[in-house]
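Novice: Dropping a prediction and its sequence here:
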Amino acid sequence: MTIAATPAPPYYAVIFTSLRTAGDNGYARMAEAMEALARTQPGFLGIESAREELGRDGLGITVSYWESPEAITAWKANAQHLVVQQRGRDTWYEEFKVRICRVERDYGFARE
């Protein structure tokens, strides 16, 4: 896992926070497939994801970065992604929240 290399702002972030149901039920394989699909979408800039190991499958946060609100809308409407979104509601998630933000400023540090 690496930190996403994003361009100079402004750009957009979709923050997906979730609590999982018990068991994998095909989740890991589908998460990898959706990340691969997202990477092919116009306007995709990068992704970062983490899941805590406490409790069931713990709290998960995935942040994907996009060039524009239109790119985000197109990703949400992708036919394969729509099927997986429904499976998430039916099988994988106890709860989730999506937040969409415009990144106005970013900065960082990297040890050489």
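Specialist: Arrived safely. Just so it is clear, the structure is predicted and the values come from calculations on it, not from any experiment.
Novice: Tell me which stretches of the protein form helices.
Specialist: 27-39, 69-77, 79-87 (DSSP state H).
Novice: how about the ones you listed in CSV, adding mean neighbour count, mean pLDDT and distance to Gly60?
Specialist: Just so you know, the C-beta spots here come from the backbone N, C-alpha and C atoms, and that holds for glycine as well. CSV is the format used below for these (neighbours: other C-beta atoms under 10 Å; pLDDT from 0 to 100; distance: least, C-beta to C-beta, whole Å):
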stretch, mean neighbour count, mean pLDDT, distance to Gly60
helix 27-39, 14, 94, 9
helix 69-77, 15, 97, 18
helix 79-87, 12, 95, 15
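Novice: Same list (the ones you listed) but as TSV, adding distance to Ser18.
Specialist: Shown next, in TSV, are the helices of the chain (distance: least, C-beta to C-beta, whole Å):
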stretch	distance to Ser18
helix 27-39	10
helix 69-77	16
helix 79-87	12
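Novice: closest one to Asp106 among those helices?
Specialist: Taking C-beta to C-beta, helix 69-77 is the member of those nearest to Asp106, at 17.7 Å.
Novice: just so I know, which of the helices of the chain lies nearest Gly58?
Specialist: Of the helices of the chain, nearest to Gly58 by C-beta to C-beta is helix 27-39, at 12.6 Å.
Novice: the inter-axis angle of that closest one versus helix 69-77?
Specialist: Going by axes from the mean of the first three to the mean of the last three C-alpha atoms, to 10 degrees, helix 27-39 is angled at 140 degrees with respect to helix 69-77.
Novice: So which residues make contact with helix 27-39?
Specialist: Contacting residues not belonging to helix 27-39 are listed as 20, 44, 47, 49, 64, 75, 78, 80-81, 84, 87, 91-92 [C-beta atoms under 8 Å, 6 or more residues apart in numbering].
Novice: could you redo the last one with a cut-off of 10 Å?
Specialist: Contact partners of helix 27-39, identified using C-beta atoms under 10 Å, 6 or more residues apart in numbering, comprise 14, 20-21, 24, 26, 44-47, 49, 51, 57, 60, 62, 64, 66, 75, 78, 80-81, 83-85, 87-88, 91-93.
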